[in-house]
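Chemist: the sequence and its predicted three-dimensional model are supplied below.
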Amino acid sequence: MASELSHGKPALSVERITLTFGGLRALNEVSFDVVEGSVTSVIGPNGAGKTSLFNAVSGFYKPSGGSVRLFGETIDRVPAPERARLGLARTFQNIALFRGMTVLDNIKLGRHAHMSTGLLDALWYFGRARREELELRAEIERRIIDFLEIDHIRNAAVAALPYGLQKRVELARALAMRPRVLMLDEPVAGMNREETEDMARFILDVKEEWGVTILMVEHDMGMVMDISDHVVVLNFGEVIADGSPRAVAANPRVIEAYLGAGDVGDLRRRLQAGKGPTTGGKAA
Ligand SMILES: Nc1ncnc2c1ncn2[C@@H]1O[C@H](COP(=O)(O)OP(=O)(O)OP(=O)(O)O)[C@@H](O)[C@H]1O
């Protein structure tokens with residue numbers, strides 16, 4: 001079980017975020033803090049608003065109310081790519097890599113977040129960059145490749161790789177953005193047990209060795225309960241529980257929410273902290 005962080009400086013603060021689609025209120029005054037150095041997970045039944053929340057925090061959706069702070073600074077007016085430059089990186093639920101390109105080239109594109117040039121410029125960057133900067137970046141890429149144990153596939157085309165490795169490359173690209181806060185959207189969806197366990201270990205190492213704060217949406221309850229310091233539960237666009245994995249798993253409102261969503265068969269395993277299924281995919 002991960003350590004419980006009950007206090008500390010917020011890396012990210014979500015303050016009364018409201019998001020509507022036409023008449024539908026997907027998020028209703030959602031508030032919580034992501035403490036610096038924590039793994040914070042957002043869970044909830046299907047349609048609870050988790051993806052909407054991720055899109056609002058990373059700047060892809062514009063909330064109709066509320067505020068997001070990154071290390072104390074309001075970022076509400078900062079467009080999504082700029083947020084990455086400020087240290088807020090994310091991965092996507094469905095892998096968003098350039099499939100025809102090699103692993104290394106995909107990782108190199110991660111650093112694009114720190115460049116003032118456009119994407120095409122990024123591809124032509126080598127001729128113009130200062131040597132020291134290039135060397136520093138190459139060093140960061142080497143560290144990431146070693147760390148994620150993907151050296152043997154660095155020159156392979158992404159499309160040819162098994163799914164679990166593709167997800168790892170996506171993590172590598174996000175790390176190349178040198179984030180301070182990393183948002184992972186269902187990092188183990190579709191993975192088998194072994195791939196899930198590897199990814200859980202990498203996420204903990206990113207937190208501990210790289211000092212990156214993690215905000216994660218994930219359906220795999222075993223994994224969430226194993227590696228989270230803090231769990232936020234959404235239901236119908238509202239926070240219904242917020243606390244340690246143990247406290248959340250024992251919360252009757254959480255149990256009721258999953259029952260209400262018809263997830264009865266999976267409920268017991270889902271809410272037994274650290275003992276849930278780690279077979280991956282959407283459990284609901
Ligand atoms: N682009 C959109 N347009 C209209 N409604 C949307 C849009 N995106 C989400 N919604 C609605 O907002 C609500 C929250 O959806 P959201 O995808 O955020 O939930 P979720 O918790 O991520 O679900 P899942 O676990 O299935 O991914 C749902 O009722 C959904 O139908």
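Modeler: Nice, thanks for sending it over. None of the values given here were measured: they were computed from a predicted structure.

Chemist: how about the residues of the stretch 1-150 of the chain by the ligand?
Modeler: Neighbours of the ligand within the stretch 1-150 of the chain, by Cβ under 6 Å from any ligand atom: 21, 24, 26, 44, 46-52. Just so you know, the C-beta spots here come from the backbone N, C-alpha and C atoms, and that holds for glycine as well.

Chemist: the residues you listed: which two are farthest apart?
Modeler: Within those, Phe21 and Gly44 form the most distant pair, 17.0 Å apart (Cβ to Cβ).

Chemist: tell me the spacing between Ser66 and the ligand.
Modeler: For the record, residue 66 is Gly, not Ser. 15 Å (Cβ to the nearest ligand atom, to the nearest Å).

Chemist: could you do Ile240 as well?
Modeler: Taking Cβ to the nearest ligand atom, one finds Ile240 at 13 Å from the ligand.

Chemist: and that residue, how many neighbours?
Modeler: 17 (other Cβ atoms under 10 Å).

Chemist: still on that earlier bit, can you say which of the residues of the stretch 1-150 of the chain next to the ligand are buried?
Modeler: 26, 44, 48-52 (16 or more other Cβ atoms under 10 Å).

Chemist: quick one: which of these sit in helices?
Modeler: With DSSP state H as the criterion, helices contain 50-52 from among these.

Chemist: ok, which stretches of the stretch 51-200 of the chain are helices?
Modeler: For the stretch 51-200 of the chain, the helices defined by DSSP state H, counting those that start in this stretch cover 80-85, 103-110, 119-123, 131-147, 163-176, 193-210.

Chemist: by mean pLDDT, show me the worst of those.
Modeler: Lowest mean pLDDT of the helices of the stretch 51-200 of the chain: helix 119-123, a mean of 55.

Chemist: re earlier: make TSV out of the helices of the stretch 51-200 of the chain and add mean neighbour count.
Modeler: Putting those into TSV (neighbours: other Cβ atoms under 10 Å) gives the following:
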stretch	mean neighbour count
helix 80-85	16
helix 103-110	21
helix 119-123	11
helix 131-147	14
helix 163-176	22
helix 193-210	17
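
Chemist: can I get these in CSV with distance to Glu186?
Modeler: Compiled in CSV, the helices of the stretch 51-200 of the chain are given as follows (distance: least, Cβ to Cβ, whole Å):
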stretch, distance to Glu186
helix 80-85, 19
helix 103-110, 19
helix 119-123, 26
helix 131-147, 21
helix 163-176, 9
helix 193-210, 11
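
Chemist: so what's Gly37 up against?
Modeler: Contacts for Gly37 were tallied using Cβ atoms under 8 Å, 6 or more residues apart in numbering; they are 5, 8, 11, 207, 211, 213.

Chemist: so what's the second one closest to, chain neighbours aside?
Modeler: Computed as Cβ to Cβ, 6 or more residues apart in numbering, the closest residue to Gly8 that is not its neighbour in sequence is Val35, at 4.0 Å.

Chemist: how many neighbours does that neighbour have?
Modeler: 19.

Chemist: ok, now Arg180?
Modeler: Neighbour tally, Arg180, other Cβ under 10 Å: 18.
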